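>>> Kindly generate the corresponding structure for this input.
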Amino acid sequence: MASTDTKAKSDDLAGLEAGLDALDAVEIRRTPVREVLVKKVLPPLLAVSLVLVVWQVLVSAKIAEETKLPPLSAVWDSLSTMWLQGTLLEVIWTSVSRGLLGFALALAIGTPLGLLVARVKFVRAAIGPILQGLQSLPSVAWVPPAVLWFGLNDAMMFTVILLGAVPSIANGLVSGVDQVPPLFLRAGRTLGATGVKGVWHVVMPAALPGYVAGLKQGWAFSWRSLMAAEIIASSPDLGLGLGQLLENGRNNIDLPGVFLAIILILIVGIAIDLLIFSPLERWVLRSRGLLVKS
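Residues are numbered from 1 along each chain as shown. Model prediction:
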């Protein structure tokens, strides 16, 4: 009788373990291309198409004057002219290269700063409120002093980008570290992961979701800061970027050129997010079992 009860308990434990294993197992499969197109590509294309249709209807029905809203054909002509002149890709690359390099510098500064603020109480008390205040300060406010400090050159551009992006990256990492369960830190110390090892093997992996959110916000601030700097501090020495293109359109009363610049700025911002940060975010979620199908 005792042996029967023991066997029954063993079977129950085996069944329980099998059930837990099944719950822990995450089904990972490659999403068919057709499903990706239908679920992720088609909706934004439909939204963009709807906006363009409404735009054209407003112009064709004379609801919006052409001096306020240019026809799509005029914007397309501006795009074609820049392409035929060979300046379109050059203008885009001027801004994108500045933005990515400035973001890389902000990443190199904001990451150790965020760790320092998150892990050292005195530094957090001293610098934490300043970082929060800097994050809420409009990036355009840094353009005038940066011009006075460095003049109209790339150093001024990168300064504005850094002052706009570093606080967001640092605050995102601080938020991620604050959400790390204390049990993880104690387990890491027990296993010998202290100091730099603890930060690399325990703190950073556990804080990754908050850190990635900070990176996305940091890029948004980098791009916005760069556009503000290019619009305000236009100079032939700086080359023609998207911000300068927008400002030139305003100065020349070229409304189609203005809308073309706005559309290009929007497209670049969305493209960087889709190509870099969205895959990174999905990888973080999938590695934690939070995104089964993607």
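
>>> The stretch 101-250 of the chain: helices as residue ranges?
Along the stretch 101-250 of the chain, counting by DSSP state H, counting those that start in this stretch, helices occupy 121-136, 143-150, 154-178, 182-190, 195-198, 204-206, 208-232, 242-251.

>>> helices or strands next to the last one in the packing?
Just to be clear, that refers to helix 242-251. helix 88-119, helix 208-232, helix 255-272 (3 or more Cβ pairs under 8 Å, 6 or more residues apart in numbering; DSSP states H and E). In this view, the C-beta of every residue, glycine as well, is placed from N, C-alpha and C.

>>> Find the centremost residue of the chain, please.
By Cα atoms, centre = their mean, the chain has its centre lying nearest to residue 216, at 2.5 Å.

>>> from what I can see it touches residue 281, true?
Yes: Residue 216 is within contact range of residue 281, at 7.3 Å (criterion: Cβ atoms under 8 Å).

>>> Residue 270 versus residue 105, what's the distance?
23 Å (Cβ to Cβ, to the nearest Å).

>>> Same drill for these two, tell me which one is more crowded.
The neighbour comparison of residue 105 against residue 270 (other Cβ atoms under 10 Å) goes to residue 105, with 17 against 12.

>>> sorry, back to before: same list, the helices and strands packed on helix 242-251, but as JSON lines with distance to residue 155 please.
Formatted as JSON lines, the helices and strands packed on helix 242-251 follow (distance: least, Cβ to Cβ, whole Å):
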{"stretch": "helix 88-119", "distance to residue 155": "11"}
{"stretch": "helix 208-232", "distance to residue 155": "11"}
{"stretch": "helix 255-272", "distance to residue 155": "23"}
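
>>> so which of those is the most packed in?
Scoring the helices and strands packed on helix 242-251 by mean neighbour count under mean count of other Cβ atoms under 10 Å gives helix 208-232 as the most buried, with a mean of 23.

>>> could you give the angle of that one to helix 242-251?
Angle of helix 208-232 versus helix 242-251, following axes from the mean of the first three to the mean of the last three Cα atoms, to 10 degrees, is 40 degrees.
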